[in-house]
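*Asks:* Turn this into a structure:
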Amino acid sequence: MAKVFIIHSKGHFDKAMKLAAELEAQGHTVYVPLRDTDQTGTIDQICESNKKAMMGCDEVRVIWDGTSHGVIFDVGMAFALGKKIKTEYVNEKSIKDLIKGLGSN
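*Replies:* The predicted model follows:
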């Protein structure tokens with residue numbers, strides 16, 4: 001089964017957790033940053049933890065509200081790491097074409 005990293009905005013944490021539960025029920029290992037990364041560290045520590053987790057994953061799933069700069073940052077990191085990117089949800093009032101385009105490869 002796949003190791004999946006879910007990129008999500010804080011506003012869509014519930015969507016990320018629902019997706020994680022579905023994927024975990026299918027036997028996948030799932031990393032959800034707000035659940036699995038210590039959020040009390042510095043921004044550098046948080047980004048480094050997320051990077052390490054993303055490096056170990058097979059694919060990345062994206063849930064984005066159209067406003068989170070953190071999601072944009074993480075999608076860029078996933079792209080730079082050569083990860084398979086799948087779009088789960090992108091708010092229609094966003095740069096959805098870029099994100100969806102990356103997810104269709």
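*Asks:* Residue 77 and residue 53 touch, don't they?
*Replies:* No: applying Cβ atoms under 8 Å, one finds residue 77 not in contact with residue 53, separated by 10.7 Å. For glycine as for every other residue, the C-beta is placed from the backbone atoms N, C-alpha and C.
*Asks:* What sits closest to residue 73 if chain neighbours are left out?
*Replies:* Excluding the flanking residues, the one nearest residue 73 by Cβ to Cβ, 6 or more residues apart in numbering is residue 47, at 7.7 Å.
*Asks:* Give me the pLDDT value at that neighbour.
*Replies:* pLDDT for residue 47: 94.
*Asks:* One more: residue 24?
*Replies:* At residue 24, pLDDT is 98.
*Asks:* Report the secondary structure element holding it.
*Replies:* Assessed by DSSP states H and E, residue 24 sits inside helix 13-25.
*Asks:* Tell me which residues of that helix come out buried.
*Replies:* Buried residues in helix 13-25, counted by 16 or more other Cβ atoms under 10 Å: 13, 15, 16, 17, 19, 20, 23.
*Asks:* Nearest to residue 91 among those?
*Replies:* Nearest to residue 91 among the buried residues of helix 13-25, counting by Cβ to Cβ, is residue 15 at 11.0 Å.
*Asks:* these two touch, right, the closest one and residue 63?
*Replies:* Yes: shown here, residue 15 and residue 63 form a contact pair, counting by Cβ under 8 Å, at 5.0 Å.
*Asks:* joint contacts of these two?
*Replies:* Listed as contacting both residue 15 and residue 63 by Cβ atoms under 8 Å, 6 or more residues apart in numbering are 8, 88, 89.
*Asks:* quick one: which of the residues you listed is most hemmed in?
*Replies:* Using other Cβ atoms under 10 Å as the neighbour criterion, residue 8 leads the shared contacts of residue 15 and residue 63 with 28 neighbours.
*Asks:* so that residue sits right up against residue 14, yeah?
*Replies:* No: using Cβ under 8 Å, residue 8 makes no contact with residue 14, being 9.4 Å away.
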